[in-house]
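In: Here's my sequence, what's the structure:
(one chain, ligands or ions: 1)
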Amino acid sequence: MEKVRVSAVSYTNTLPFIYGLQHSAVIDQIALSLDVPSMCAHKLIHDEADLGIVPVAALLDLPNAEIISDYCLGATGAVNSVFIFSEKPIGEVDTIRLDSQSRTSNGLAQVLLRHYWKRDVTILAEGAADAYVEIGDRTFGKQQAHSYAYDLALYWQKFTGLPFTFAAWVANKPLQPSFVHAFNVALSYGLAHRDVIIGQLPPRLDFDYRQYLMEHIDYQYNEEKKKAVTLFLKLMKTLDHAPISS
Ligand SMILES: C=C(O[C@@H]1C=C(C(=O)O)C=C[C@H]1O)C(=O)O
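Out: Residues are numbered from 1 along each chain as shown. This is a model prediction of the structure:
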């Protein structure tokens, strides 16, 4: 049988899922690649993968997408790895640079700037800017390095009262129900073994892996997070610029 091509995010936040897959028989049924989130989206959109943990912003480009899991990469309040960093307060920011590794957070930054902070800023893909979006492990311990660090999941919660979903397990074609079941059991196994994963990470003084993987990243894709996706996609459509095309 052909292997299911799976694209998973290459950041620490996805390690529990990878651990679960690697400790399950389902690993023999998949061809697993680790990619930055924008590449996960690209692979699903261009049919270079069948299943992936896909930035939800890319659902707008995936007409046949099906979310196949009750697990996601989300947050209820601060996530601690998705920021706008700046040396000026947001009210004085005129230009912002996006993160080429992101789809969702680039969109979220623009949604919040427009609808929450009521700012009309120039969006740049590269080059110098007043502020920049950054996601993933590169942000760990960086909050102190900047005058202002806006945690985007926290500001989304202030804006909407909802948790946020950054990425969900999305298939771009129908998959065997027995495979989907085994895949979800493996994900759940990984989440139940976060203690083991945390124990294997090199200790660092400027970042608390335990708090990140046990509290900040909220893995349950529940009704509130579904509501957040629906609202986020609606707000994304109000933006003039697509974040960064894939
Ligand atoms: C919380 C995070 O969520 C991520 C942000 C994503 C995005 O902006 O497109 C996609 C997947 C997640 O890895 C993070 O990477 O820090």
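
In: Kindly report the residues of this protein close to the ligand.
Out: 9, 11, 13, 37, 55, 73, 79, 81-82, 102-105, 135-136, 166-167 (Cβ under 6 Å from any ligand atom). Backbone N, C-alpha and C define where each C-beta goes, glycine included.

In: Repeat the analysis, applying 5 Å as the threshold.
Out: Counting by Cβ under 5 Å from any ligand atom, the residues of the chain close to the ligand are 9, 11, 37, 55, 73, 79, 81-82, 102-105, 135-136, 166-167.

In: Just name the closest of those to residue 157, please.
Out: Sorting the residues of the chain next to the ligand by distance to residue 157 puts residue 79 at the head of the list, at 9.9 Å, by Cβ to Cβ.

In: Let me know whether the closest one touches residue 217 as I believe.
Out: Yes - taking Cβ atoms under 8 Å as the contact criterion, residue 79 and residue 217 are neighbours in contact, 6.7 Å apart.

In: Let's see which of the residues of the chain next to the ligand end up in helices.
Out: If you go by DSSP state H, these have 37, 104-105 in helices.

In: Touching stretch 136-147 from outside, list them.
Out: In this structure, residues lying in contact with stretch 136-147 by Cβ atoms under 8 Å, 6 or more residues apart in numbering are 9, 11-13, 36-37, 80-83, 85-88, 101, 134, 149, 204, 206-207.

In: same thing with stretch 176-189?
Out: Residues lying outside stretch 176-189 but in contact with it, judged by Cβ under 8 Å, 6+ apart, are 4, 16-17, 19-21, 23-27, 29-30, 51, 68-71, 169, 171.

In: what packs against the strand ranked longest in the chain?
Out: Among the elements of type strand in the chain, defined by DSSP state E, the one spanning the most residues is strand 66-75. Identification of packing neighbours for strand 66-75 by 3 or more Cβ pairs under 8 Å, 6 or more residues apart in numbering; DSSP states H and E yields strand 51-55, strand 164-171, helix 177-192, strand 218-220, helix 223-236.

In: possible to save those as TSV with distance to residue 110, mean neighbour count and mean pLDDT?
Out: Conversion of the helices and strands packed on strand 66-75 to TSV gives the following (distance: least, Cβ to Cβ, whole Å; neighbours: other Cβ atoms under 10 Å; pLDDT from 0 to 100):
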stretch	distance to residue 110	mean neighbour count	mean pLDDT
strand 51-55	14	29	98
strand 164-171	14	27	98
helix 177-192	30	17	98
strand 218-220	23	18	98
helix 223-236	8	17	98
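
In: what's the closest of those to residue 124?
Out: It's helix 223-236; of the helices and strands packed on strand 66-75, that one is closest to residue 124 (Cβ to Cβ) at 18.5 Å.

In: relative orientation of the closest one and strand 164-171 in degrees?
Out: Our comparison of helix 223-236 with strand 164-171, counting by axes from the mean of the first three to the mean of the last three Cα atoms, to 10 degrees, yields an angle of 90 degrees.

In: how far does helix 223-236 sit from the chain's center?
Out: Between the mean C-alpha point of helix 223-236 and the mean C-alpha point of its chain there is a distance of 14 Å (Cα atoms, centre = their mean, to the nearest Å).

In: buried stuff in stretch 11-24?
Out: With burial defined by 16 or more other Cβ atoms under 10 Å, the residues of stretch 11-24 counted as buried are 11-21, 24.

In: Perfect, I'm done here.
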